[in-house]
Every structure is written in C-alpha cells, then in structure tokens.
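Q: When you get a sec, could you give me coordinates for this:
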Amino acid sequence: MFTSMDFDDEKYRAPALSKGLDILELLAGVQNGLSQAEIAKALGRTSSEIFRMLMVLRNRGYLDLAEDADRYTLTARLFEIAHRHPPINRLTSLASDAMERLAYRINQSLHLNILHEAKTLVIAQMDSHDSTQTCVRLGARFPLASAASGRVLVAWMPEPELSVILDRAGFDTPEALHQFRAELEEVRQVGYCQLPSGTVAGVQKIAAPIFDFRGRVVAALTIPFVQRLARQQAVSLEEARHALVDTCTKISRQMGGGAHQPVSEP
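A: Got it, this is the predicted structure:
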C-alpha cells in the first residue's frame, strides 16, 4: 500500500508527467489560452522544455492551437473523461430526464453543480423552453461564497472536512467566513438555499441538494430564477422552489439517498 511518504520519495518522480499536468492545470484557469512562451514563463520553464509536452497534449486531443494566433487552449477532452467516471456518469444520467421535465414544467433554466477544488463546477445544464433564457456555461466554476449551490454542497459536510474546504475557498475576510457558516445552518434547516444573484439584477438563485446512499451531498441542482411577465408562461418563485426540492428528493431516492433527505420546506 502506498502512503503519502511513498510519493515524496525521489524514485516515484515523473518529471515529464508533472510538466504535462502543470500545463493542463495552468490552462484550466485561463479563458483565452496562452502562447508557448507565456506557458513557459508562468511555469518557470524554458520554451524548449515544454514544447514536446504541448505537442503530445495537442495530438492526444487535450489542447487546441488557434489558427489565427499562437495560443493553446483546453479542449473538452478532460470534461468528457470526467463524465466517464461511474459516479458522475450515473449522477448525470439520473438527473438529465428529471432536469428536462422540471425545466419544461416551470419554464426556467437549470444547472447541476458538484464540488471541485473548493469551487462549484457546472456538469450539466438544461435550457427552459422560452425564447429568452438565463443560462450558465457548462464547465463554469464559481467561488463557494457567491453561489447558492456552494452553500448547499457543503452544508451537510462533516466539520473536519468542511474546515478544510472553507480554508481552501479563500474568503475575503473572517467576517465573510463567519457569515457563510451561519447561513449553512439555515440551509440545513430548510433544505435549500435561495440568494439574489450577485451578477444579474432581478435573478434569484435557488439550489437544493442531491444525496447519495451514504447521506452525503453529491450535487446541487440550481435554478437561476427569472420572473416572466407573460401570464401563461409565469411560475412563481415559491412554485419553482417547491418543484426544485421535490425533483432533488426524487433524484436522491434514485441515488439511494432517500433516508437522508433534509427537512422539508415550510
């Protein structure tokens, strides 16, 4: 069995693999890509050191090189591989039909989030059937502090694990962290989180948890709720919230988490 000390041993070093992973992790945080020289500078390496890594990653489909500029960007290959992982595959498979039915029922867009590197990551998205939509990009990541889904994803987490995640989340002030922790108690009590959007005026973000058979929150389903003015298309915020909580309860039961549902909303 390997231990953490084993991996610190010099004989387990793989410099080429480390360089390749460094490139992928760097580009994952850059929206418009980087040139070979910019990648080398950011990683503290020479261009010749990373040239072969870039060629291999491009040939394997992990990177793309823009034709009009010498800039490398990530492709969707890593995202596709992640979705082959059985837990994610099962989650998205079970959630997709329920999301489609809910989006049609309430005429609102939806997105499914998981916790990834102390942020929320969008792994599935469903549009409303209306001609105007409020959508979130697939693969988008958001800080825990700004997301309703972030509160839902960590609200039921055991304290030692929660402390580690919150330390990595990087709150601006101790007061902000204290406020966030206080809000988690309310989320646990009512079974969902509702916040005004911090980026789009008039949008309410509603998120509810999906539990697995262990009683752990594995995902949060979120509605960026917009109030529609056409009466025949309008669903109230309360109706949308009830429908969301109900849908998440049903998905949780399919995941084997029926015995671990949060308290029903009043």
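Q: hey, let's count contacts and neighbours off CA atoms from now on
A: Noted.
Q: Show me the shaky parts of the stretch 1-150 of the chain.
A: 1-12, 67-69, 79-87, 131-133 (pLDDT under 70).
Q: mind listing the helices for it?
A: Using DSSP state H, counting those that start in this stretch, the helices found in the stretch 1-150 of the chain span residues 4-8, 15-28, 36-43, 47-59, 77-82, 86-106, 148-155.
Q: Nearest to Val203, out of those helices?
A: helix 148-155 (12.1 Å; Cα to Cα).
Q: Counting by contacts, list what that closest one packs against.
A: Judged by 3 or more Cα pairs under 8 Å, 6 or more residues apart in numbering; DSSP states H and E, helix 148-155 is in contact with strand 110-116, strand 119-126, helix 174-190, strand 193-196, strand 204-211, strand 217-225.
Q: Which of the ones you listed sits closest to Leu162?
A: helix 174-190 (9.8 Å).
Q: in the closest one, what counts as buried?
A: By neighbour count on 16 or more other Cα atoms under 10 Å, the buried set for helix 174-190 is Leu177, Phe180, Arg181, Leu184, Val187, Arg188.
Q: who touches the fourth one in this structure?
A: The reference is to Leu184. The contact partners of Leu184, by Cα atoms under 8 Å, 6 or more residues apart in numbering, come to Arg151, Val152, Val154, Ala155.
Q: Please pick the buried ones from those residues.
A: Using 16+ other Cα under 10 Å, the buried ones in the contacts of Leu184 are Arg151, Val152, Val154, Ala155.
Q: out of everything not next to it in sequence, what's closest to Ala98?
A: Spatially, and ignoring its direct neighbours in sequence, Ala98 is nearest to Thr247 (6.7 Å; Cα to Cα, 6 or more residues apart in numbering).
Q: Against Ala95, how distant is the one you found?
A: 9 Å (Cα to Cα, to the nearest Å).
Q: what do you get for Ala103?
A: From Ala103 over to Ala95 the distance is 12 Å, taken as Cα to Cα.
Q: Can you tell me the element the residue nearest to Ala98 falls in?
A: Element membership for Thr247, per DSSP states H and E: helix 237-254.
Q: Can you name every helix or strand that that helix contacts?
A: helix 86-106, strand 204-211, strand 217-225.
Q: Point out the most buried one among the ones you listed.
A: strand 204-211 (a mean of 28; mean count of other Cα atoms under 10 Å).
Q: Show the average pLDDT along that one.
A: Strand 204-211 comes out with an average pLDDT of 95.
Q: give me every residue that touches the closest residue to Pro209 other than its chain neighbours.
A: Of all residues not flanking Pro209 in the chain, Ala220 sits nearest, at 4.6 Å (Cα to Cα, 6+ apart). By Cα under 8 Å, 6+ apart, Ala220 lies in contact with Leu112, Asn113, Ile114, Ser149, Val152, Leu153, Ala207, Ala208, Pro209, Ile210.
Q: Give me the neighbour count for the fourth one.
A: Counted with other Cα atoms under 10 Å, residues neighbouring Ser149 total 36.
Q: Who are the contact partners of it?
A: Taking Cα under 8 Å, 6+ apart, we find Ser149 in contact with Asn113, Thr120, Cys193, Ile206, Ala207, Ala208, Ala220, Leu221, Thr222.
Q: 10 Å instead?
A: Applying Cα atoms under 10 Å, 6 or more residues apart in numbering, we find Ser149 in contact with 111-115, 119-122, 142-143, 155, 192-195, 205-209, 219-223.
Q: What of the second one?
A: Applying Cα under 10 Å, 6+ apart to Asn113 gives the contacts 119-125, 138-142, 149-150, 152-153, 207, 209-210, 218-222.
Q: Same question for the fifth one.
A: Under the criterion of Cα under 10 Å, 6+ apart, the contact partners of Val152 comprise 113, 144, 183-184, 187-188, 191-194, 206-210, 217-222.
Q: Identify the residue nearest the spatially most central residue of the chain in space, chain neighbours excluded?
A: The structure's the chain has its C-alpha centroid closest to Leu121; by Cα atoms, centre = their mean the separation is 1.2 Å. Nearest residue to Leu121 in three dimensions, chain neighbours excluded: Arg141, at 4.5 Å (Cα to Cα, 6+ apart).
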